[in-house]
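Enquirer: fold the following, please.
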Amino acid sequence: MRGFVRALWPRRYLVLYLTLPVWFLFRLAGYHDSKTGLTSLILFGDSYQPQRLERLHALPIYTFKGSAGYDGQFYAQLAVAGNPFDPELRTALDMPASRSGRMLMPLLAHVAGLGRPWWVLNAYALIGIVSWLALAWVLARWWFPPNDLQHLLRWVGCLFGAGMVVSVTRSLTDGPAVLFVALAIRALENKRRWLGTALLAAGGFVRETTLLCAPTLLPTAFRERRDWSRSFIQVLAAAVPVIVWIAIVNAYHGYTGYAGGTPMFSWPLAPAFRKIHLVLFTARRQGFDTWVRIDFFTLVALGVQVGFVLARPRFTSPEWRIGATFAVLGLFLSWAMWDDTPAPVARYLLPLTFAFNRLAPAGRRGLIILALGNLSVLAAPSLIRPPAFENRSLSNDVSFDYGPGWYEPEHLGRRTWCWASRSTTIVLHNRASGTFVVKLEAKLISNTERKITMTARDQTSVFEVKPGTPATVTLGPFVLPPGDTPVAFLTSEPPWIEPGGGKRPLAFSIEGLRGYVAPAPP
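Expert: The predicted structure follows:
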């Protein structure tokens with residue numbers, strides 16, 4: 001064993017460079033399901049389910065219960081449509097004009113999926129992962145080779161920070177946009193300025209904030225007027241196509257602003273101080289739980305990145321221009337960019353993270369700055385949260401689904417359970433043409449003492465559930481005709497409020513639902 005370790009030690013950084021992406025991909029594999037594919041990686045929410053594209057209604061899309069989902073569900077529908085001027089998008093998307101402006105990722109997914117909705121959805125989910133792998137290769141190949149601790153910290157900081165992890169695990173545009181920024185910087189370093197211009201323009205069609213990197217095209221010193229004229233033309237060449245496209249889709253769909261009118265900017269640093277106050281207040285009341293830690297790590301990392309870049313101006317450096325631009329942007333972003341865990345500002349400022357890791361000094365002091373500026377890497381394992389895929393089949397022809405009021409299933413080891421926020425239902429689906437007789441059995445758990453009444457057709461059972469003690473409950477047998485049959489769970493006691501970052505109202509949970517299904521007697 002010692003000989004094996006001794007042989008690997010000179011290649012220890014290379015081993016880490018290979019092991020960490022494998023670990024990340026292994027964790028991401030948890031989002032795949034044999035029935036729903038990779039759609040859980042897109043975060044479709046049931047709040048927007050009624051207004052989805054009609055061609056998606058029959059597909060087995062993983063839908064998060066009691067949730068509005070996240071932005072990826074709208075870009076995925078753009079990908080399925082393949083045409084930003086599809087009239088159905090006006091009702092399917094929350095902000096049709098804003099989403100359609102970022103058309104490059106959806107278009108690539110539409111082509112990769114050959115226009116078939118199911119293939120397109122899975123292709124769209126994969127684009128973020130492929131972009132991440134490409135960025136990992138680019139960073140290791142060109143700037144942070146696997147040969148010392150400094151490079152490892154910079155490489156890990158770019159790839160495993162909170163903003164990047166959220167971008168990948170929610171199929172967002174932020175991570176792929178950083179790949180275009182990195183490719184553009186490399187092209188400029190190799191004196192291929194028009195290629196860099198084209199890459200920035202392409203990145204603008206992934207995410208329009210990429211155009212804020214256009215100052216990298218300006219000369220690094222005050223030289224001849226011809227240099228400035230050429231650079232000005234290149235800035236226009238990068239920006240004008242994106243600006244024109246945004247104007248076209250806004251004219252077609254109608255401008256609605258950010259999030260239906262929520263302001264995107266505010267007084268400088270006011271939302272950041274509000275977030276700091278909220279994190280400290282929550283930590284004092286509930287301790288340093290998972291969500292507080294994620295927010296704390298993210299705040300420290302962003303604070304160090306912004307402070308370092310603005311405190312050490314290097315006007316001739318393209319990376320500093322990018323970092324300074326996004327650092328100033330971060331100072332003015334509104335509360336909407338901070339009001340989540342982790343704060344969305346972490347992914348909005350991913351170009352700043354890239355610039356910071358390029359600019360941070362070497363040496364022992366540099367290691368401290370790098371460690372603090374990349375502290376949100378410690379939140380990565382907590383941010384990769386695949387759903388608990390549950391076997392919802394009771395027999396070959398009978399299955400069940402959760403009605404409104406349930407949260408997403410959770411799991412620990414082989415256990416899988418689901419919390420309800422209030423009185424709710426489970427819906428039994430009989431796909432056969434005949435009638436069955438069903439008897440249900442499950443475990444109900446509550447954190448407070450409560451009475452739960454179960455009803456289905458002509459059957460009613462009442463159960464007393466003690467705090468923290470699983471209660472085995474049964475209902476039936478009752479007749480299950482073809483089609484859908486609701487099973488009601490009724491409780492009048494108020495829900496228990498979950499402590500920590502969750503704050504969910506929890507009434508009771510159900511675990512191990514089983515059904516004994518037999519054909520109905522003639």
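
Enquirer: what's the domain layout of this protein?
Expert: 2-383, 398-519 (automatic domain parsing).

Enquirer: closest one to Glu390 among those?
Expert: Closest of the domains of the chain to Glu390 is domain 398-519, at 4.9 Å (criterion: Cβ to Cβ). Every residue, glycine included, has its C-beta placed from N, CA and C.

Enquirer: avg pLDDT for that closest one?
Expert: Over the span of domain 398-519, the pLDDT mean works out to 89.

Enquirer: tell me if Phe24 really is in a helix.
Expert: Yes. Counting by DSSP: H, G, I helix; E, B strand; the rest coil, Phe24 is part of a helix.

Enquirer: ranges for the helices of the stretch 51-200 of the chain?
Expert: Taking DSSP state H, counting those that start in this stretch to define them, one finds helices in the stretch 51-200 of the chain at 72-81, 89-92, 96-100, 104-112, 117-142, 149-160, 162-169, 174-189, 193-206.

Enquirer: could you dump the ones you listed into TSV and include distance to Ala380?
Expert: Converted to TSV, the helices of the stretch 51-200 of the chain look like this (distance: least, Cβ to Cβ, whole Å):
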stretch	distance to Ala380
helix 72-81	19
helix 89-92	32
helix 96-100	27
helix 104-112	23
helix 117-142	12
helix 149-160	5
helix 162-169	5
helix 174-189	13
helix 193-206	23
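
Enquirer: can you redo those as a markdown table with mean pLDDT, distance to Ile510 and mean neighbour count?
Expert: As requested, the helices of the stretch 51-200 of the chain are exported to a markdown table (pLDDT from 0 to 100; distance: least, Cβ to Cβ, whole Å; neighbours: other Cβ atoms under 10 Å):
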| stretch | mean pLDDT | distance to Ile510 | mean neighbour count |
| --- | --- | --- | --- |
| helix 72-81 | 96 | 27 | 26 |
| helix 89-92 | 92 | 32 | 17 |
| helix 96-100 | 91 | 36 | 23 |
| helix 104-112 | 96 | 36 | 20 |
| helix 117-142 | 97 | 29 | 20 |
| helix 149-160 | 95 | 35 | 22 |
| helix 162-169 | 95 | 27 | 26 |
| helix 174-189 | 95 | 36 | 23 |
| helix 193-206 | 95 | 42 | 22 |
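
Enquirer: hmm, back to that, comparing the domains of the chain, which comes out most buried?
Expert: Each of the domains of the chain was given a mean neighbour count from mean count of other Cβ atoms under 10 Å, and the largest, a mean of 19, is that of domain 2-383.

Enquirer: ok now that domain, how far from the chain's centre?
Expert: In this view, domain 2-383 has its centroid 10 Å away from the chain centroid, taken as Cα atoms, centre = their mean, to the nearest Å.

Enquirer: right, and Ser423 touches Pro494 too?
Expert: No. The pair Ser423 and Pro494 fails to qualify as a contact (Cβ atoms under 8 Å) at a distance of 11.5 Å.

Enquirer: what's in contact with the strand ranked longest in the chain?
Expert: Ordering each strand of the chain by length in residues (DSSP state E) puts strand 508-519 first. With contacts defined as Cβ atoms under 8 Å, 6 or more residues apart in numbering, strand 508-519 is touched by 394-395, 397-398, 400, 415-420, 426, 428, 434-446, 450, 452, 465, 470, 476-477, 480, 489, 491.

Enquirer: rewinding a little: overlap in contacts of Ser423 and Pro494?
Expert: Among the neighbours of Ser423, none is also in contact with Pro494 (Cβ under 8 Å, 6+ apart).

Enquirer: leaving out the residues flanking it, which one is nearest to Thr341?
Expert: Excluding the flanking residues, the one nearest Thr341 by Cβ to Cβ, 6 or more residues apart in numbering is Trp291, at 4.9 Å.

Enquirer: what helices and strands are in contact with the helix or strand where the one you found lies?
Expert: Secondary-structure element containing Trp291, defined by DSSP states H and E: helix 290-311. Applying 3 or more Cβ pairs under 8 Å, 6 or more residues apart in numbering; DSSP states H and E, we find helix 290-311 packed against helix 162-169, helix 270-286, helix 318-332, helix 345-348, helix 350-359, helix 363-373, helix 380-383.

Enquirer: any idea which of those scores lowest on pLDDT?
Expert: The weakest mean pLDDT among the helices and strands packed on helix 290-311 belongs to helix 270-286, with a mean of 85.

Enquirer: would you mind saying which of the helices of the stretch 51-200 of the chain lies nearest Thr325?
Expert: Among those, the nearest to Thr325 by Cβ to Cβ is helix 174-189 (11.3 Å).

Enquirer: quick one: work out the angle between whatever helix or strand Val437 lives in and strand 508-519.
Expert: Taking DSSP H and E as the criterion, the element that holds Val437 is strand 436-445. Per axes from the mean of the first three to the mean of the last three Cα atoms, to 10 degrees, the angle that strand 436-445 makes with strand 508-519 is 160 degrees.

Enquirer: the closest residue to Arg385 other than its chain neighbours: what's it in contact with?
Expert: By the measure of Cβ to Cβ, 6+ apart, the closest residue to Arg385 outside its immediate chain neighbours is Thr169, 7.6 Å from it. With contacts defined as Cβ under 8 Å, 6+ apart, Thr169 is in contact with Leu28, Tyr31, Leu41, Leu383, Ile384, Arg385.

Enquirer: what are the phi and psi values at the fifth one?
Expert: Backbone dihedrals for Ile384, given as degrees, to the nearest 10, come out at phi -90, psi 100.

Enquirer: quick one: contacts of stretch 457-465?
Expert: Outside of stretch 457-465, the residues that reach it under the criterion Cβ under 8 Å, 6+ apart are 444-446, 449-455, 471, 473-479, 485, 508.

Enquirer: do the same with stretch 322-339
Expert: Under the contact criterion Cβ under 8 Å, 6+ apart, stretch 322-339 has outside partners 181, 185, 209, 212-213, 215-216, 258-259, 262-269, 271-272, 274-275, 302, 305-306, 309-310, 313, 343-345, 348-349, 351-352, 354-356, 359.

Enquirer: now distance to Pro176 too, for the contacts of Thr169, in JSON lines please.
Expert: What follows is the contacts of Thr169, written out as JSON lines (distance: Cβ to Cβ, whole Å):
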{"residue": "Leu28", "distance to Pro176": "15"}
{"residue": "Tyr31", "distance to Pro176": "18"}
{"residue": "Leu41", "distance to Pro176": "14"}
{"residue": "Leu383", "distance to Pro176": "18"}
{"residue": "Ile384", "distance to Pro176": "18"}
{"residue": "Arg385", "distance to Pro176": "21"}
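
Enquirer: among these, which has the minimum pLDDT value?
Expert: The lowest pLDDT within the contacts of Thr169 belongs to Arg385, which sits at 86.

Enquirer: what's around that one, how many residues?
Expert: Each residue near Arg385 was counted by other Cβ atoms under 10 Å, and the total is 13.

Enquirer: may I ask which helix or strand encompasses it?
Expert: For Arg385, there is no helix or strand it lies in under DSSP H and E.

Enquirer: ok, longest helix in this protein?
Expert: Using DSSP state H to define each element, the chain has its longest helix at helix 225-253.

Enquirer: so which of the helices of the stretch 51-200 of the chain gets nearest Pro318?
Expert: Set against Pro318 and scored by Cβ to Cβ, the helices of the stretch 51-200 of the chain come closest in helix 174-189, at 6.0 Å.
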